[in-house]
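Trainee: could you work out the structure for the sequence below:
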Amino acid sequence: LDLAFRPHSWAADLFSDSGLVALARAAAAVGAGEEEDGDEDEDEDEEESEKEEEFGLVRLRLHGAGAVSDAGLSAAAACCPFLRDFELTGYTELVSDRGISALVAGGGRAGRGGRGGRRSSRRRRQQLPFVSETSSLSPSSSSSSLAEAANSSDSESESSSSSPPSFGSAPPPAPSPIDCPLQRLCLGARLPKVSDAGIAAVVARAGGLKVLRLPGHCTDASLFAVAASACRDTLEELDASACASVTAEGARAVVGACPKLRSLRLPAGVEV
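Mentor: I've put the predicted structure just below:
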């Protein structure tokens with residue numbers, strides 16, 4: 001799903017959390033229907049079985065969606081446990097570390113293979129209020145409904161992980177990453193409430209991350225977090241060109257820790 005809006009346009013103002021969740025919910029419903037059809041055939045080969053394990057959006061790219069907030073990202077992420085590619089560009093003050101961390105908060109669900117895992121995932125989706133209800137979110141109740149959905153998703157993540165990310169403060173790196181499918185995370189420069197804490201929460205869980213673009217408020221702390229996380233073995237591209245506070249020390253840490261790194265963009269004047 002790729003959505004790009006003109007800044008300050010009427011469409012950008014109208015596309016809010018409820019619209020994002022409705023689209024994610026529709027994608028999850030289509031995947032659930034295909035999943036039911038696949039369960040009828042017990043003799044399918046392994047390759048087809050692996051395809052059927054994925055449901056919901058696998059790519060979500062938003063540009064200029066300034067009305068989308070943490071609650072919308074948290075709720076949409078709960079519908080998309082197989083999200084591999086996420087991009088958020090354009091200016092917004094409504095998305096913070098909490099929303100970015102929610103992208104990987106439920107990543108452990110994606111690692112549960114087999115039919116039992118898919119049925120278990122389907123039961124969980126039916127329990128979520130914004131997935132099971134077919135009625136649209138009304139403007140007057142969208143904020144409260146999305147907040148409840150996000151809290152429900154957070155509670156589920158806490159029960160499936162012994163060390164969930166701590167929102168509001170930089171979480172310590174997890175000793176072993178949760179099986180999270182996220183491979184590409186690209187964040188625009190103008191996200192003033194996304195900081196090192198959100199990036200640290202992502203890299204601690206997304207052990208297969210290959211492409212990472214950092215927002216403008218990140219510092220060397222994000223680079224050190226990358227160098228200490230499991231994604232250091234898979235990272236191929238890192239763009240920190242928008243981060244004015246990044247120094248050569250942080251860049252050297254990443255270069256030394258990431259054997260597959262083939263592209264590193266730094267702010268002007270910073271050399272490794």
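Trainee: V203 against C218, yeah?
Mentor: No. V203 lies out of contact with C218 (C-beta atoms under 8 Å); the separation is 11.5 Å. C-beta coordinates here come from the backbone N, C-alpha and C atoms, glycine included.
Trainee: in a helix, L23, correct?
Mentor: Yes. Counting by DSSP: H, G, I helix; E, B strand; the rest coil, L23 falls inside a helix.
Trainee: ok, now which ones touch it?
Mentor: L1, L57, A76 (C-beta atoms under 8 Å, 6 or more residues apart in numbering).
Trainee: try it again at 10 Å.
Mentor: L1, L3, F15, L57, L60, A76, C79 (C-beta atoms under 10 Å, 6 or more residues apart in numbering).
Trainee: related to what we said a few turns ago, overlap in contacts of V203 and C218?
Mentor: By C-beta under 10 Å, 6+ apart, the residues touching both V203 and C218 are A225.
Trainee: please report how far the residue nearest to A200 when sequence neighbours are not counted lies from A4.
Mentor: Sequence neighbours aside, A225 is the residue nearest to A200 in space, at 4.1 Å (criterion: C-beta to C-beta, 6 or more residues apart in numbering). Between A225 and A4 the computed distance is 29 Å (C-beta to C-beta, to the nearest Å).
Trainee: who's more crowded, those two?
Mentor: Shown here are A225 and A4; by other C-beta atoms under 10 Å, A225 has more neighbours (27 against 13).
Trainee: that one in helix, strand or coil?
Mentor: helix.
Trainee: tell me the confidence at it?
Mentor: pLDDT, A225: 97.
Trainee: mind exporting the helix or strand containing A75 as CSV, just the C-alpha atoms?
Mentor: Following DSSP states H and E, one finds A75 within helix 70-79. What follows is helix 70-79, C-alpha atoms only, in CSV (Å, rounded to 0.1, in the frame of the first residue of the first chain):
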residue,chain,number,x,y,z
ASP,A,70,0.7,6.7,17.1
ALA,A,71,-2.7,5.1,17.8
GLY,A,72,-3.3,4.5,14.1
LEU,A,73,0.1,3.0,13.5
SER,A,74,-0.3,0.7,16.5
ALA,A,75,-3.7,-0.5,15.5
ALA,A,76,-2.7,-1.0,11.8
ALA,A,77,0.5,-2.8,12.8
ALA,A,78,-1.6,-5.3,14.8
CYS,A,79,-3.5,-6.1,11.5
